[in-house]
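Asks: Mind looking at a prediction? Sequence and model below.
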Amino acid sequence: MDKNKKKQIIIASIYAILFLLFFGFVFSKIYFWIKPAPTCSDGIKNQNEEGTDCGGVCSNKCAPAARYDLKVISAGFVESGFPGKYDLYAEVSNPNSDLGASQFQYLFKIKNSSGEQTATREGTAIILPGETKYVIENNIESKTAPESVEAEIKNPVWVEFADYEKPQLKIINKNYNEINSGVGFGEAVGVLRNDSPFDFSAIKIKVILKDFDGKIVALNSTQINTVKSGENREFRAFWPVKFPGTVGNMEVQAEVNVFDSDSFAKKYFKTQKFQEYQ
């Protein structure tokens, strides 16, 4: 290659580099002028936000971070008494003493003896700080007899509690009896006592029947409406058909959705309005 040719190539390269630098500079300026300004709803952690679109200049407060995840202690199934239908349960624990979940998603997976998934059931539930509770699904149909049930917990919506005291809901005089005459197989009865200083529009009662070895043999639930402070209310859970196993113990859990009551929430939540957590 002669010297003139080489010189022309060098000069052309220099011009190309200068052109690219100039074009890049102009493009960056144009992009800076036309790009949208950062906001608190752009899905990007920018400005001086503490999280994505929350904290800092944004009025939306960031959801509290949980120190511990929700845990599934146990999961399983029992025969409902109806052919091809089963009752599912998962015992869920919240190790956080100052955080509750106004909602979390759960997913039951029924598997057969070959490990194949034969049915699923999903839903949502709540859990209070430091609480261990049962999540129950009744009369779930499966084409083949289950061998096992798995439960998954995900997407908890955490809420910070201040000076929290668990609602004082007590179960007294609980008893299970088989029905010897009339319609049905068995029933669980008891009395709910509301020792909380609040009236509740609805309280869910979960009944877990176990044998003498502590194995769950039957599950049921019912609801009591409009329970005033200091009031005692009787509840009944009914089994229309026979289920296998012998009942040796009866566990009852009373649940009230404190996330759905303005008057109750204001006592325990910090300064945020209750509706923000629904």
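Replies: Arrived safely, thanks for sending.

Asks: the helices in the protein, which residues?
Replies: In the chain, the segments counted as helices under DSSP state H are 3-34, 262-268.

Asks: can you list the domains in the chain?
Replies: Segmentation of the chain into domains, based on automatic domain parsing, reads 71-160, 169-255.

Asks: Comparing those, which comes out most buried?
Replies: For the domains of the chain, the stretch with the most neighbours on average is domain 71-160, a mean of 17; neighbours defined as mean count of other CB atoms under 10 Å. The C-beta positions use only the backbone N, C-alpha and C, and glycine is treated the same way.

Asks: Could you check how far that one is from the centre of its chain?
Replies: For domain 71-160, the distance from its own C-alpha centre to the chain's C-alpha centre is 10 Å (CA atoms, centre = their mean, to the nearest Å).

Asks: Could you list the low-confidence segments of the chain?
Replies: Per-residue confidence for the chain (pLDDT under 70) gives these ranges: 1-13, 15-16, 18-36, 261-278.

Asks: Go again with 80.
Replies: Within the chain, the ranges that satisfy pLDDT under 80 run 1-39, 41-43, 47-53, 55, 59-63, 162-165, 182, 260-278.

Asks: tell me the centre residue of it?
Replies: Relative to the mean C-alpha position of the chain, the nearest C-alpha, by CA atoms, centre = their mean, is the one of Phe104, at 1.2 Å.

Asks: List the contacts of the residue lying closest to that residue once chain neighbours are set aside.
Replies: Nearest in space to Phe104, with sequence neighbours left out and distances taken as CB to CB, 6 or more residues apart in numbering, is Pro156 at 4.1 Å. If a contact means CB atoms under 8 Å, 6 or more residues apart in numbering, then Pro156 has Ala66, Leu70, Ala101, Gln103, Phe104, Ile127 as its contacts.

Asks: No more questions from me, cheers.
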